[in-house]
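**Student:** What shape does this take:
(2 chains)
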Amino acid sequence: MGQTVFEPWNDPEAKPLIQFKNVTKRFGDFTAIDNQTFDIYEREFFALLGPSGCGKTTMMRMLAGFEKPTEGTILLGGQDIAPIPPNKRAVNMMFQSYALFPHLTVWDNIAFGLRRDGKSKEEIAARVEEMLKLTRLTQFARRKPHQISGGQRQRVALARSLAKAPKLLLLDEPMGALDAKLRTATQFELMDIQEKTGTTFVIVTHDQEEAMTVASRVAVMDNGRIIQADTPARIYENPNSVYVADFIGEVTIITGRAYKSGAGYEIHYAEGTAPFYAESETGFGDGETCHLALRPEKVAISAERPEARRNAVQGEIIDIAYLGNLSTYHVKLPTGQMIKAQTANTRRLSRRDFTWEDRVWLSWSDTAAVLLRE
Amino acid sequence: MGRLFLIALPFAWLLALFLVPFLIVLKISLSDIALAIPPYTPTLDLSEGWAGIKAFFAELDFENFVFLTTDDLYWKSYLSSLRIAALSTLLTLLVGYPIAYGMANAPDHWRPTLMMLVILPFWTSFLIRVYSWMGILSTEGYLNQILLWLGLITEPLTILNTPVAVYIGIVYTYLPFMILPIYSALERMDGSLLEAAEDLGCSRLSAFWLITVPLSKNGIIAGCFLVFIPVIGEFVIPSLLGGSRTLMIGKVLWEEFFNNRDWPVASAVAVILLLILIVPIVLFQMNEQKQREADQ
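**Tutor:** Below you'll find the predicted structure:
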C-alpha cells in the first residue's frame, strides 16, 4: 500500500507540538495534576481518558489558558505559553456545553472569532462558508442555536472553534450530550474533519470506546497522573497496570505468584491447582506477586477439555450476559475464582450450546493473557 | 365550558377593578365642576327613566380636555414628567446594573443575603423612607454634616427641594425594580459563554459588551419599563423632596383634586396620563412575550 504509518512518538527526530514539563497544578491542598511530563505531536488526535476528577479537564484548561500550572512549564511549538492569555493563544476549545452564543445566528457564531481578528468582510465570509460546508450546516446558517437540533449544535461548536484555524483544538467531552447512535456517527465525522484540516486535536472524555475510536494515542489518567499513554491497540493489548487493564474494556484479573518456566512464567494462583502459563514482556523474580489480566474474548469455552492448550480449567456457568452480538459467560472455578469468557453469537439464541449451571472448560493460549506487576 | 369559566375569571377581575373605575374617571372627566357632593355634574338619575339617561349623556362634553390645552402648565408637566422619568430610568440603570452584575457573580452562598438586602427596604413604609431622605439631604442634614466634617465643603449644599433630590429619591426607591430583572437575566447566563468568547479572541471588556450585555438585554428592558412607567405618575417623591419648582404631572393631579377640588379637570389629567402610559406598557408586554418565547 505504501502508506507510511503515522506514529511520530516513535520517531526521535520528530518535534512535539506540545510539551508538558514537570507540570503540577494544585487547587489549595488538592493536587489536580501531579508532576506530569509528556509530549503531543502535530496532527495527532490525542485523547485524555479517565474517570471524573482525574485531572483531565484541568489538563485541557491549562492548554486553553483558563488555568496556569502551579509548577513546571507547558510549551507550544517550543514557546512557554504560561504568560499568554487565552484570547492570544493559537488554541481553540470546543466546550462541553458547546457555549454557543444564543443571541447570534449560526453564521455569526462561526464568524465571532474571525471578527475579533479584524479580518476583512470577504475573508470572514469565505472562511465561514468553508466551515459551514465542512460541517454540513450551510442550510442552517441563518438559524439561532435554539432552532437547531443537538447534533447540529455540536457541529456549530466544532465549526466555530475550527474557524480560526488553530494550531491546537481542544474538545471537552464533545459527544457527551448526544445519544448513542448519533455519537458513533459523529465520532467518524470528527476523525474525518481532523484528517481534512490537519489540526492537532486533544479530546477529553470519560468514554473509553470513544477514546479508542477516534484517538491516535490515548492517555489513561487517574488521580492527576497519566498512567499510560499509547495507541488504542497497545492500551488494550498491552496495558501497563491493572488499573489500565480494568479501565479499558472487560477483563478478569487473577492474582498469583510467578515462577520462571521456559520462555514464560507459571502462575500459581491457588493451592492444589495446576498453575497457569503466560509469556510476558515484563520480567518477574521467582515467587513475586503478579496479576494475570485476561480479556474475555480471548478465552475459549468448550464442553470437552481442549487437547492443545496448556491453560485449561473447568468451572460452572453462573451468569450469562446476553449483548445481542456477543454473550459473556461468568464461570466460577472450584477455587471460587470467577473468569469471564466471551463468544460471538453466530447462531440463533435458541441453539446456544451452554446454559446456566453447565460445567464447561475454559482455555486460552500462552500469549493471550498479560502479566502485570501492579 | 370549564375553559370559558377559567378565562372569564380574570376578565371579571379586570372588569371590576380596572375597567369600571376607569369608566367612572372618564365620566367625571367629561362632567362639569359643581359646588356639590360629589363636586361635579351631571349625576345619573335613574328615577326619571330613559329621559334621565338621555339628559345625562347630553350634558357630557370634552370641555376639560380642551381646557388642558389652554394652560401651558399641563403639557409642561407632562413633558417634565416624561423627561424626569427618562433621566431617572437611565440613572437607575447605571446604578442598578453594576449591583445586579456583582450579585450574579457573587459566590453562591452570598446570593440569598444580597438578594435579601435588595428587598429589605420594601419591608419599611415607603413614606418613612422618603421622609428619612429629607433628614439626610436637608441643609442641616446628615450628608451636609458629614461633608462639612470631612472638610470637603465649607458651605452646606442645597439639595433638598431641588430636582437633584427628586432624582436621588427616585433612583433609591425604584432601584430594586431595576436590579431584580437584570439579576435574573445575568444569573441564568452560562459562564462558559464568556470563556468561549475569550477563547475566540475577546478581551474581558469586549466579552462583556458582546455577550453579557446582549444576553441581559431583556432584563434591562424589563427593568427600565418597571421604573419608567410608575415614575411618570410619581407624586410622593417630587412633592416631598422636590419643592415647588419640580413639575410633575402626579403632583398637578393631586393639586387639582385636593387643593382646587376640581375633580373633572383632575380626571381629565388622569385619563391623558393613562393614554400616555399605554405606549410603554404595551412595549413592556411585548418584551415580556418575546422573553417567554426565547425561553421555550
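
**Student:** Name the nearest residue to residue B:142, sequence neighbours excluded.
**Tutor:** residue B:136 (5.0 Å; CB to CB, 6 or more residues apart in numbering or on different chains). Where you see a C-beta, it was placed from the backbone N, CA and C, and this is true even at glycine.

**Student:** Does that neighbour belong to a helix, a strand or coil?
**Tutor:** helix (DSSP: H, G, I helix; E, B strand; the rest coil).

**Student:** Could you measure from it over to residue A:57?
**Tutor:** 51 Å (CB to CB, to the nearest Å).

**Student:** So which of these two has more stuff around it?
**Tutor:** residue A:57 (20 against 17; other CB atoms under 10 Å in any protein chain shown).

**Student:** on that earlier part again, might one say that the residue nearest to residue B:142 is in contact with residue B:146?
**Tutor:** No: if you go by CB atoms under 8 Å, residue B:136 and residue B:146 don't touch, sitting 9.6 Å apart.

**Student:** Give me the common contacts of these two.
**Tutor:** Shared contacts of residue B:136 and residue B:146, defined by CB atoms under 8 Å, 6 or more residues apart in numbering or on different chains, are absent.

**Student:** still on that earlier bit, distance check, the residue nearest to residue B:142 against residue B:159.
**Tutor:** Distance, residue B:136 to residue B:159, by CB to CB: 9 Å.

**Student:** joint contacts of those two?
**Tutor:** Common contacts of residue B:136 and residue B:159 (CB under 8 Å, 6+ apart): residue B:143.

**Student:** The nearest residue to residue A:75 once chain neighbours are set aside in helix, strand or coil?
**Tutor:** Spatial nearest neighbour of residue A:75, chain neighbours left out: residue A:19 (4.3 Å); criterion: CB to CB, 6+ apart. Secondary structure, three-state DSSP: residue A:19 is strand.

**Student:** Contacts only, for the residue nearest to the spatial centre of chain A.
**Tutor:** The centroid of chain A falls nearest to residue A:211 when counting by CA atoms, centre = their mean (3.0 Å). Contacts for residue A:211 (CB under 8 Å, 6+ apart) come out as A:47, A:49, A:203, A:205, A:218, A:232.

**Student:** Then residue A:306?
**Tutor:** Contacts of residue A:306 (CB under 8 Å, 6+ apart): A:300, A:312, A:361, A:363.

**Student:** please redo it, this time with the cut-off set to 6 Å
**Tutor:** Shown in contact with residue A:306 (CB atoms under 6 Å, 6 or more residues apart in numbering or on different chains): A:312, A:363.

**Student:** Roughly how far does it sit from chain B?
**Tutor:** Going from residue A:306 to chain B by CB to the nearest CB, to the nearest Å gives 56 Å.

**Student:** Distance of residue A:133 relative to residue B:234?
**Tutor:** From residue A:133 over to residue B:234 the distance is 58 Å, taken as CB to CB.

**Student:** quick one, which of the two is more surrounded?
**Tutor:** Neighbour comparison, residue A:133 and residue B:234: the larger count goes to residue B:234, with 23 against 11 (by other CB under 10 Å).

**Student:** so what's the more buried one closest to, chain neighbours aside?
**Tutor:** residue B:250 (5.2 Å).

**Student:** Hmm, residue B:236 and that neighbour touching each other?
**Tutor:** No: Residue B:250 is beyond contact range of residue B:236, at 8.2 Å (criterion: CB atoms under 6 Å).
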